[in-house]
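Asks: pasting the structure only:
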């Protein structure tokens, strides 16, 4: 980074910025004791703010100020202002919507006039809830931090800013509760984000790929959410949130597999009902991953296991199918994935009706035409829908399901059991910033199991999750 | 890179509960019924009692092992490195024999019970790959895997056992000790090869975290697994009576009794598959211990070297059945033959000696530490004295004195 | 990871998968002849096997209503006969779902039973709960018959012998029980149910050419050392059921309380049975004691099943005379079955085995020199206690 002393030989900071000027740069020269230059960026800076909180006070009271210090002390009170001397820092702030006020050409006052223009705060489309707060994050980092601050009111909410992206100059905020979260993990995250050298960051997913364990894991090691209450809850458990400007999705670290079983409204309902729901979710995920492969391997290798009456049904339905059961199941799974992918990209008006046509007409027609067996279609559809009970890992589990189906079709129950054990061995060996991925089940952490499959009332959860490193593990004294 | 191998005592206990019945359910009740007949549960009980004594010695030794030295280090520092290498060699052979037998029988479950027909290599290579993969993820991962699967495996195992009990005929266990206890005791040495699973604890002596002290749960775990094994032996004889010796695989024969409705199919096989995972975990544990023994013998410390030794173990297990009849070889040479006496060195001689050896190692370690501490304090004194001298000199110079 | 490494890994994985996929023998269910029941006869020195296999002939609109067809095969062994079916149909005969194996008269009466059953006993996959029964006549014809309620003879037979919800009056013998009781066992005796088929004269199923009728099972065939010894039926059969299995029995006995208000006879059923068998051996005298504690109740029109401990108490009291009469009837049946075993010289009550279990090899040494002692030197002591 160039300092003033370095730039003095070629050009001062103001000239440099003005020289780089873009069509949306606004320059105002105000004549006083010294010439005061106000630089703002059209659109990124809030025009009303600039005129009422910056220009107007300077014109009324600040024309006789000689230094930026005097300006910040006597004239500008309403908004956050900092003195900046580094050109790169000035540039970064300027393009993020700050207004720069130069009295001397080498030092400026950066005033936070970032516009809050953007999407309104609405219920996030990815996590609708019937109980609990409905606010969702938006694309503005400023609003997002405010949403977080509204929930954690105190000096212990620590926010550290890092700018990433050569061209995008995206602001990334690392937020944590300093008295709870592990400083070691926070420092590691800041370090990793600072080390990112990429030309642009357009969404938090760009950052998440750098925070993943070694960057090559199959399973996601970073949590995502669009709900500020969920982020606040996770921060209270000792996790660290990463907010990226321009993204409504906030990252939470460390991330455990069990978090995918926990729904956003699990903390606002009765523990007994939530326990039943969580057991259902995890059961459905396991069944949906294994069911197609089990069906194929039983058909091809171990028909003896199928109860006779069910076998008769399958026998009837598959007798005239031209495909091998493995091919049949793979076709069903691929068709389901095609429908899902098409549905995601369809205009929302056409989406519902077309997906209905896809599911009902395509499936029914295929069965009637004798191309696919009804049990295979049913199992494929059930397994496809059931996987959405684990929203963060749906796509990955879809892949795992397909691989298991292949192995089950080739090697039967023998291959299937080997593959499941290998996948589990892989999962238990993962860890996210020191937190074992499958905790609290492996390793077994009894106090953390109060909020895993079985949910106990909040009043009985005395400890924060032990699987995550933190400073203070007592939640209730 | 081979992952972390740290294992907590609680995890070791779960592993013991899984792996002891894991192999014993395959064929042991049949092998023992062939030799001992209806009295095989009593033989099983006696052998487990002997194993319990050995386990107590091992647990005592582990408890004393405050410096978390490996068994190889303990033996080589107290006896001699050559003795340590010989013992490791015996261990490696013992584990290889058990491994090959286990592999052959676990494949039998799938080939004969589940009628999944293929050649030996197509069966064994995926198993070998899975074993190498799991060891490469580290024993910590295997221990955690055991924690996750524990409930499922135990439920499957107990369901198969308990639901078969109503079909058993206790009369089949009579006459009790028809030929007297002597008849059973005379036959016992031929079956020692199939016991001594808790010896693998020795290979984790240096993997247990230093703050762990509750070794008693290992004995509890052993008790549970022994009870399950003896239970199976009783149920098996109760179900089959005089026909017990003619079967091939115990568990798949026992499990068929849990579903009495003909039209329900063989749903019990699903439980058998879940249970078979415990056999895989046993194979992984034995392979790891075998690899460690070979590493100690050949002084292998590099990651590549460890991988090569692991692959070598797998290659032996894959190739051996292609060259000879493993079941016959193991039975003739190691179960009833001379081989068992060699293994007794590790099974019944080493564990009682171990607490003594650990005490000696501790004393030596203590002495070494004292020497280091003494020399450190002397050095400190020397350095402090030197500094004091220099300060005094500086003071005197300041005061203008020589 | 370099591109070369990736290609290498993909090639290795692909090769391993290709090798593995071509190595495993895959038989989809559509390529299998799934046998649900089979009848075996021995004709002209050859085994004739008639199998009832699943068929998807029914319309695909109503899945789950699959019909079955019967296919026969002939061979020197049962395996040969099954292979004959394989050749004829092109589908692999699969016994994994077999519910019933019927052995025709030509086999169970004239052959050593361990020969035809060896195929099943040595298989790990063959279910022990498969019904193995003898058929009084030609087993192949029985397996191609139908019944009015259940068209499939295999399902009908399986339901008849296994019973539904444990309500059966038929003593059950499984394959393992049958084999193990005759192998290295001093009694050397096993039994199998005998099934009969009565064709219904009025109805002839012209469409399928199957004879319609009903199956019945009111006797057992007993074997000594795998050879047929005789058929136990009538009171002997009931007596055998009383002392061996958890079977349901009902009796109509005189009721002295009856008269103008109540019927003079009462129909009672056993709902709890506690059996205690013991043997005593001293010198040449053997005492075989059967203690039988029975709890009876009046049979109910809705509940005729056995062994429901919490059955509703009948409003009609049971008179002492009913208890006494029932006791006499039970004692008579047990005595008769014992006498019949002596007559057949077949130790199907397993007295010798009980003596072995109690006295060990001492008894074995004795029985070598006195092979007929269980038929000649035994005193039977039947103690029946009937309570309400």
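Replies: Cool, got the structure. Bear in mind the structure is a predicted one, so any value in this text is a computation, not a measurement.

Asks: Tell me which other helices or strands the helix or strand hosting residue A:160 touches.
Replies: If you go by DSSP states H and E, residue A:160 is part of strand A:157-164. Other elements packing on strand A:157-164 under the criterion 3 or more Cβ pairs under 8 Å, 6 or more residues apart in numbering or on different chains; DSSP states H and E are helix A:141-149, strand A:170-177, helix A:183-194. No exception for glycine: its C-beta is placed from N, CA and C like everyone else's.

Asks: Using JSON lines, lay out those together with mean pLDDT.
Replies: Below are the helices and strands packed on strand A:157-164 laid out as JSON lines (pLDDT from 0 to 100):
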{"stretch": "helix A:141-149", "mean pLDDT": "89"}
{"stretch": "strand A:170-177", "mean pLDDT": "92"}
{"stretch": "helix A:183-194", "mean pLDDT": "91"}
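
Asks: Can you say which of those is packed in most?
Replies: Counting by mean count of other Cβ atoms under 10 Å in any protein chain shown, strand A:170-177 has the highest mean neighbour count of these, with a mean of 24.

Asks: which outside residues touch that one?
Replies: Residues from elsewhere that reach strand A:170-177 (Cβ atoms under 8 Å, 6 or more residues apart in numbering or on different chains): A:96, A:141, A:144-145, A:148, A:152, A:156-164, A:186, A:189-190, A:193, A:200-202, A:207, A:235-236, A:238-246.

Asks: quick one, it and helix A:183-194 angle?
Replies: 180 degrees (axes from the mean of the first three to the mean of the last three Cα atoms, to 10 degrees).

Asks: what's the angle from strand A:170-177 to helix A:141-149?
Replies: 10 degrees.

Asks: picking that back up, would you mark the buried spots in the strand holding residue A:160?
Replies: A:157, A:160, A:162, A:163, A:164 (16 or more other Cβ atoms under 10 Å in any protein chain shown).

Asks: so which of those residues comes closest to residue A:306?
Replies: Ranked by distance to residue A:306 (Cβ to Cβ), those are led by residue A:164 at 55.0 Å.

Asks: so what's that closest one up against?
Replies: Shown in contact with residue A:164 (Cβ under 8 Å, 6+ apart): A:170, A:172, A:193, A:196, A:198, A:201, A:207.

Asks: The fifth one contacts residue A:167, doesn't it?
Replies: No. In this structure, residue A:198 is not within contact of residue A:167 by Cβ atoms under 8 Å, at 9.4 Å.

Asks: So which of these two has more stuff around it?
Replies: Taking neighbours as other Cβ atoms under 10 Å in any protein chain shown, residue A:198 and residue A:167 compare with residue A:198 leading, 15 against 10.

Asks: Please name the residues that touch the closest residue to the more buried one other than its chain neighbours.
Replies: Leaving aside its chain neighbours, residue A:198 sits nearest to residue A:165 (6.1 Å; criterion: Cβ to Cβ, 6 or more residues apart in numbering or on different chains). Residues near residue A:165 by Cβ under 8 Å, 6+ apart: A:198, A:199, A:200, A:201.

Asks: Tell me which two in the residues you listed are the farthest apart.
Replies: A:199 and A:201 (8.9 Å).

Asks: joint contacts of these two?
Replies: What both residue A:199 and residue A:201 touch, as defined by Cβ under 8 Å, 6+ apart, is the set A:165, A:168.

Asks: Pick out whichever of those two has more residues nearby.
Replies: residue A:201 (26 against 8).

Asks: Next one: that one from chain B, what distance?
Replies: Relative to chain B, residue A:201 is positioned 31 Å away (Cβ to the nearest Cβ, to the nearest Å).

Asks: quick one, phi/psi of residue A:439?
Replies: Main-chain dihedrals, residue A:439, degrees, to the nearest 10: phi -60, psi 150.

Asks: where does the residue nearest to residue A:198 fall, phi/psi-wise?
Replies: phi 100, psi 120.

Asks: confidence score at it?
Replies: As predicted, residue A:165 sits at a pLDDT of 88.

Asks: residue ranges of the strands in the chain, please?
Replies: Here I'm looking at chain A. Counting by DSSP state E, chain A has strands at residues A:25-31, A:35-41, A:81-84, A:99-104, A:107-111, A:157-164, A:170-177, A:223-225, A:240-244, A:250-253, A:431-432, A:435-436.

Asks: switch to chain C, that's the one I care about
Replies: With DSSP E as the criterion, chain C has strands spanning C:32-43, C:46-55, C:67-75, C:92-94, C:100-103, C:131-135, C:146-147, C:189-205, C:210-224, C:227-233, C:250-254, C:265-282, C:285-298, C:378-387.

Asks: Where does pLDDT dip in the stretch 51-200 of chain B?
Replies: Residue ranges of the stretch 51-200 of chain B with pLDDT under 70: none are present.

Asks: need the residues of it near chain C, please.
Replies: The stretch 51-200 of chain B has residues B:112-119, B:121-122, B:125-126, B:171-172, B:174-175, B:178-179 near chain C, with proximity defined as Cβ under 8 Å from any Cβ of the partner chain.

Asks: what do you get if the cut-off is 10 Å, keeping everything else the same?
Replies: B:108-109, B:111-119, B:121-123, B:125-126, B:129, B:167, B:169-180 (Cβ under 10 Å from any Cβ of the partner chain).

Asks: Now restrict these to buried residues only.
Replies: For these, a burial check counting by 16+ other Cβ under 10 Å picks out B:108-109, B:111-118, B:121-123, B:125-126, B:167, B:171-175, B:178.

Asks: among those, which are in reach of chain A?
Replies: Among those, chain A is touched by B:109, B:111, B:113, B:114, B:115, B:116, B:117, B:118, B:122, B:123, B:126 when using Cβ under 10 Å from any Cβ.

Asks: Next step: these restricted to helices.
Replies: Of those, the ones assigned to helices by DSSP state H are B:122, B:123, B:126.

Asks: re the thing from before, what's the closest of the contacts of residue A:165 to chain C?
Replies: residue A:198 (20.3 Å; Cβ to the nearest Cβ).

Asks: Spit out the contact partners of that closest one.
Replies: For residue A:198, the contact set (Cβ atoms under 10 Å, 6 or more residues apart in numbering or on different chains) comprises A:164, A:165, A:166, A:167, A:168, A:170, A:206, A:207, A:209, A:210.

Asks: what two of these have the greatest distance between them?
Replies: Pairwise distances across the contacts of residue A:198 (Cβ to Cβ) peak at 18.2 Å, for the pair A:167 and A:209.
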